[in-house]
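1. Return a 3D structure for these sequence lines:
(2 chains)
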Amino acid sequence: DAKTTQPNSMESNEEEPVHLPCNHSTISGTDYIHWYRQLPSQGPEYVIHGLTSNVNNRMASLAIAEDRKSSTLILHRATLRDAAVYYCILRDRGSTLGRLYFGRGTQLTVWP
Amino acid sequence: DAGVTQSPTHLIKTRGQQVTLRCSPKSGHDTVSWYQQALGQGPQFIFQYYEEEERQRGNFPDRFSGHQFPNYSSELNVNALLLGDSALYLCASSLGPWDEQTDTQYFGPGTRLTVL
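-> Just a heads-up that it's a prediction; the model follows:
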């Protein structure tokens, strides 16, 4: 299933950077690392994904450890709108199965 | 461009009743997945429909069934409702089982089902 470990909760102040960690020590060579977030009263939304190299998009950056056993989602300047539950998910690219395995995620609180 | 839509938004039923939830996928998407999210938990995969057939199924009893229509919209049916079926039911859509270009699934806002 999920095979990832995340802290239950984290806090940040507005406009400060946030580093959300995820451990995935049993990751396989074909597993991509996906991040989704769920804002209050909404469905999950895609944030970013990567395989080996660090990735950047308009929402966030993903830093992947060299051994791929951990990764960090980086929000460069947290806003109040970034308060959400963040899910780190492994996706086997070698599989045609489209299901996502969600854990409990990390509840991020952003203070004004 | 309309995203994933779900109806109804909220629903209250009593034990033993049956319920039908509806989902319209994002424009251009042909695959629909359903998830159940209990309070304080992450979403759990129920099943996925592609080409009007159930392609994958999670660990849910046969009381949970679904359907996909030719226009790619989908329904989730739950029979003989139990108190434990109270949850947020999420629908996700993609182009194929996975979106080959972006490798993402797009979620709707969900239907909140309360079973009394």
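2. CA only for contacts and neighbour counts going forward, please
-> Fine.
3. Spatially central residue in chain B, please.
-> Nearest to the mean C-alpha position of chain B, counting by Cα atoms, centre = their mean, stands residue B:34 at 2.9 Å.
4. Please name every helix or strand in contact with the lowest-mean-pLDDT helix or strand in chain B.
-> Least confident helix or strand, chain B: strand B:53-57 with a mean of 90, by mean pLDDT, DSSP states H and E. For strand B:53-57, the packing partners by 3 or more Cα pairs under 8 Å, 6 or more residues apart in numbering or on different chains; DSSP states H and E come out as strand B:44-50, strand B:64-68.
5. Make JSON lines out of the ones you listed and add mean neighbour count.
-> Output for these, formatted as JSON lines (neighbours: other Cα atoms under 10 Å in any protein chain shown):
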{"stretch": "strand B:44-50", "mean neighbour count": "24"}
{"stretch": "strand B:64-68", "mean neighbour count": "19"}
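6. With mean pLDDT and distance to residue A:6 as extra columns, can I get those strands in a markdown table?
-> Formatted as a markdown table, the helices and strands packed on strand B:53-57 follow (pLDDT from 0 to 100; distance: least, Cα to Cα, whole Å):
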| stretch | mean pLDDT | distance to residue A:6 |
| --- | --- | --- |
| strand B:44-50 | 93 | 17 |
| strand B:64-68 | 97 | 30 |
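7. To chain A, which of those lies closest?
-> strand B:44-50 (6.5 Å; Cα to the nearest Cα).
8. send the alpha carbons of the closest one over as PDB?
-> Extracted C-alpha coordinates of strand B:44-50, given in PDB (Å, rounded to 0.1, in the frame of the first residue of the first chain):
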ATOM      1  CA  GLN B  44      -9.300   4.800   0.100                       C
ATOM      2  CA  PHE B  45      -9.700   3.400  -3.400                       C
ATOM      3  CA  ILE B  46     -13.000   1.800  -4.200                       C
ATOM      4  CA  PHE B  47     -12.900   1.100  -7.900                       C
ATOM      5  CA  GLN B  48     -12.000   2.500 -11.300                       C
ATOM      6  CA  TYR B  49     -14.000   2.500 -14.500                       C
ATOM      7  CA  TYR B  50     -12.600   2.700 -18.000                       C
END
